[in-house]
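*Asks:* Sequence first, predicted model second:
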Amino acid sequence: MIYKNLINNFDFIFVKFFYNIVIMYKKNKLEPIKKGAKLTDTDKKKLEEHKKHHSDKHIKSMRMSMLKGMSFNEAHKKAQKSVGK
């Protein structure tokens, strides 16, 4: 009985490990910008306000992420990690 539980537990750990690798691969994969993708007027206004406190590199990174489908907050967090302020 204990042996069977260990095997089941090992399978779960292996599957979870493999799943994490797949998720990491998907996160690192570059996504193309959809044809005709544009920022909404509210997103443009937010970026204009945001521009006062952050570098051009940060804003450019955010704009590209938002065009790929990220929200403003997600794009900001990603830009903070990759580019900085």
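*Replies:* Yep, that arrived. Numbers count the residues shown, from 1 in each chain.

*Asks:* Now do the same contact list for residue 44.
*Replies:* The contact partners of residue 44, by Cβ atoms under 8 Å, 6 or more residues apart in numbering, come to none. All C-beta atoms are positioned from the backbone trio N, CA, C, and that covers glycine.

*Asks:* cool, residue 50 as well?
*Replies:* When the contact criterion is Cβ under 8 Å, 6+ apart, the partners of residue 50 are 59, 62, 76.

*Asks:* any idea which of those has the most stuff around it?
*Replies:* Neighbour counts for those peak at residue 62, which has 26 neighbours (criterion: other Cβ atoms under 10 Å).

*Asks:* Pull up the gap between residue 31 and residue 52, please.
*Replies:* Noted for residue 31: a distance of 29 Å to residue 52, by Cβ to Cβ, to the nearest Å.

*Asks:* how's this protein carved up into domains?
*Replies:* Per automatic domain parsing, the structural domains of the chain span 1-30, 36-85.

*Asks:* Lowest average confidence across these, which one?
*Replies:* Within these, confidence is poorest for domain 1-30, with a mean of 53 (mean pLDDT).
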